[in-house]
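K.L.:
Task: produce atomic coordinates for the following.
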Amino acid sequence: MARDLRGGCGVSAPAARDAVWVITIGDELLRGEIVDSNKSHLSERMLALDLETARHVSVPDDPDAIEEVLREAATRARVVLVSGGLGPTRDDISTEIAARTFGRKIYRDEAALEQIRAFFRRFNREMAENNAKQADFPEGAVVLANPLGTAPGFMLEVTDPASGERTQLFFMPGVPRELYRMLDEEVVPRIAARLGRSQVVRARLLRTFGIGESNLDRILDDLARGDAGTVLGFRTQFPDNLVRILVRAPDAAGAERRLDQLEAEIRERLGDLVLGVGERGLEAIVAELLLERKLTIAVAESLTGGLVTSRLTDVPGSSAYLLASFVAYANEAKLREFGVDPEALTRHGAVSEMVARQMAEGARRRAGTDLGLATTGIAGPDGGSPEKPVGTLWLALADASGTIAHRYQMMTERRRNKELASQLALDWVRRRLLGLPITANLFPRLASAPGPRE
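P.N.:
Just a heads-up that it's a prediction; the model follows:
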């Protein structure tokens with residue numbers, strides 16, 4: 001009697017195998033010391049191949065735990081993606097345990113070893129002796145190049161003796177940037193070649209800001225309903241919400257046409273809530289707009305403490321448009337740096353329309369820029385009052401046409417308030433440069449106001 005690995009004994013027919021399992025290895029994952037973003041990235045890339053991930057499993061650097069999950073995955077999935085445990089230290093044991101699990105001897109690959117040595121030579125560093133073990137692989141493994149690090153990956157193909165079905169197991173480093181490169185260049189092409197499908201799968205990501213995930217779903221509820229070749233997905237990447245469109249078509253041109261149609265429909269419904277396409281953040285969008293228009297900006301930050309500036313300078317070449325930044329937290333600094341009127345500060349307080357306006361105008365005047373942007377508010381968790389509770393934010397933007405300022409009410413968590421304030425501030429710049437309205441109800445968007453904002 002065959003064993004049903006999904007639900008126990010007693011089923012005569014073998015269970016259908018899962019498409020993909022993702023396994024991440026490392027004590028640090030189980031201790032919560034790092035956020036495991038590799039799982040979601042691996043699954044997302046598999047979805048583009050029309051492969052659904054059935055399991056995410058994390059195991060510690062424990063030989064028995066790793067062997068147990070590898071053995072089970074090889075009998076239940078057609079593709080197994082493994083990250084972590086390929087480093088040079090004593091707790092990096094993925095290769096050793098993979099060999100033990102599938103009855104392979106370990107050999108040292110001289111070509112891989114030379115590539116590791118060359119990596120160290122390139123940076124004028126001495127290779128430690130234990131790095132050599134990163135050139136060890138189970139017999140029968142296909143070595144996967146890692147141009148960004150010292151840990152080559154490898155692929156094993158194993159056959160389930162009970163069913164006779166083959167499983168591809170890909171072992172990759174846990175460092176995200178190394179894993180991403182290896183996944184795209186070494187792993188995905190091999191899986192795609194094995195699939196040999198006639199259908200093409202394409203995906204597109206739309207980044208939105210100013211609308212909740214549930215309202216997004218409601219507004220797009222009827223879109224592509226009944227279309228078996230299209231899937232809409234939603235996820236939050238605070239403070240943005242992302243819409244992923246996935247389509248299946250007979251050829252690449254057909255898939256791209258369908259993506260274009262759906263993107264146009266979503267933009268029609270959401271209007272200026274759509275920031276852009278892809279993983280590019282708002283700071284990169286603002287940078288591109290400033291460069292295109294040959295405009296410059298100065299930033300005066302209080303509540304955000306330099307976060308707006310940090311995001312703008314994350315974009316290479318930012319000195320072409322960001323001429324100056326001022327972090328003025330204390331009242332004395334606001335008086336000194338921006339020439340804020342002492343009477344306005346005394347009468348209205350630092351968190352006020354008057355002070356926000358004078359900060360934006362003062363930064364613009366002092367730096368000699370086209371735009372001046374200011375944030376002031378109460379990030380929390382303390383410092384609020386009935387008139388100005390925690391989460392109060394005043395934004396101001398000054399340019400040649402004048403100065404605008406609006407108040408927003410955010411939440412109570414300090415870090416998220418700073419992130420949200422920086423996003424609102426950058427969105428103001430985007431709106432001003434695109435000629436879009438800037439109003440007091442940009443955030444939060446009310447559930448009773450679907451569709452493009454006026």
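K.L.:
For the rest of this, base every contact and every neighbour count on C-alpha atoms.
P.N.:
Will do.
K.L.:
what kind of secondary structure is Asp184 in?
P.N.:
Three-state call for Asp184 (DSSP: H, G, I helix; E, B strand; the rest coil): helix.
K.L.:
need the longest helix for the chain.
P.N.:
Across the chain, the longest stretch assigned as helix under DSSP state H is helix 414-434.
K.L.:
what comes into contact with it?
P.N.:
Helix 414-434 is contacted by residues 239, 282-283, 285-286, 289-290, 303-304, 307-308, 373-375, 379-381, 391, 393, 395, 397, 410-411, 437-438 when judged by Cα atoms under 8 Å, 6 or more residues apart in numbering.
K.L.:
are any of these buried, and which?
P.N.:
The neighbour-count test (16 or more other Cα atoms under 10 Å) marks 239, 282-283, 285-286, 289-290, 303-304, 307-308, 373-375, 379-380, 391, 393, 395, 397, 410-411, 438 as buried among the contacts of helix 414-434.
K.L.:
Apart from its chain neighbours, what residue comes closest to Ile66?
P.N.:
Spatial nearest neighbour of Ile66, chain neighbours left out: Val59 (6.4 Å); criterion: Cα to Cα, 6 or more residues apart in numbering.
K.L.:
That neighbour bridge partners, please.
P.N.:
Assessed by DSSP bridges, Val59 has beta-bridge partners Ile25.
K.L.:
What pLDDT does the model give it?
P.N.:
pLDDT recorded at Val59 is 96.
K.L.:
what do you get for Asn131?
P.N.:
With respect to pLDDT, Asn131 has a value of 93.
K.L.:
got the contact list for it?
P.N.:
Asn131 makes contact with 87-88, 116, 150 under the criterion Cα under 8 Å, 6+ apart.
K.L.:
switch the cut-off to 6 Å
P.N.:
Asn131 is in contact with Pro88, counting by Cα atoms under 6 Å, 6 or more residues apart in numbering.
K.L.:
now the one 5 residues further on
P.N.:
Contact partners of Asp136, counting by Cα under 6 Å, 6+ apart, are 107-108.
K.L.:
again, only using 7 Å
P.N.:
Listed by Cα atoms under 7 Å, 6 or more residues apart in numbering, the contact partners of Asp136 are 106-109.
K.L.:
List only buried entries from those residues.
P.N.:
Buried members of the contacts of Asp136, scored by 16+ other Cα under 10 Å, are 106, 109.
K.L.:
For the contacts of Asp136, which two are the farthest from each other?
P.N.:
Maximum pairwise distance in the contacts of Asp136, criterion Cα to Cα, is 9.6 Å, between Ile106 and Asp109.
K.L.:
Redo the contacts of Asp136 as a markdown table? Include secondary structure and pLDDT.
P.N.:
Below are the contacts of Asp136 laid out as a markdown table (DSSP: H, G, I helix; E, B strand; the rest coil; pLDDT from 0 to 100):
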| residue | secondary structure | pLDDT |
| --- | --- | --- |
| Ile106 | strand | 97 |
| Tyr107 | strand | 96 |
| Arg108 | strand | 96 |
| Asp109 | coil | 96 |
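K.L.:
ok, back up a step: among the contacts of helix 414-434, which lie within strands?
P.N.:
Counted as lying in strands by DSSP state E, out of the contacts of helix 414-434, are 373-375, 393, 395, 397.
K.L.:
hmm, back to that, keep only those of the contacts of helix 414-434 that are in helices.
P.N.:
282-283, 285-286, 289-290, 307-308.
K.L.:
Just give me the closest of those to Asp18.
P.N.:
Within the ones in helices among the contacts of helix 414-434, the smallest distance to Asp18 is 37.6 Å, found for Leu282 (Cα to Cα).
K.L.:
State the distance from the nearest residue to Thr89 once chain neighbours are set aside to Ile97.
P.N.:
Nearest residue to Thr89, sequence neighbours excluded (Cα to Cα, 6+ apart): Asn130, at 7.1 Å. Per Cα to Cα, to the nearest Å, Asn130 is found 17 Å from Ile97.
K.L.:
Arg55 now?
P.N.:
In terms of Cα to Cα, Arg55 sits 20 Å off from Ile97.
K.L.:
out of those two, which sits in the more crowded spot?
P.N.:
Per other Cα atoms under 10 Å, whichever of Arg55 and Ile97 has more neighbours is Ile97, with 22 against 17.
K.L.:
If I follow the layout properly, that one ends up in contact with Pro63?
P.N.:
Yes: between Ile97 and Pro63 there is a contact under Cα atoms under 7 Å: 6.3 Å.
K.L.:
Strands of the stretch 51-200 of the chain, start to end?
P.N.:
Ranges of strands within the stretch 51-200 of the chain are 53-59, 77-83, 106-108, 136-138, 142-144, 153-159, 166-172, 200-209, based on DSSP state E, counting those that start in this stretch.
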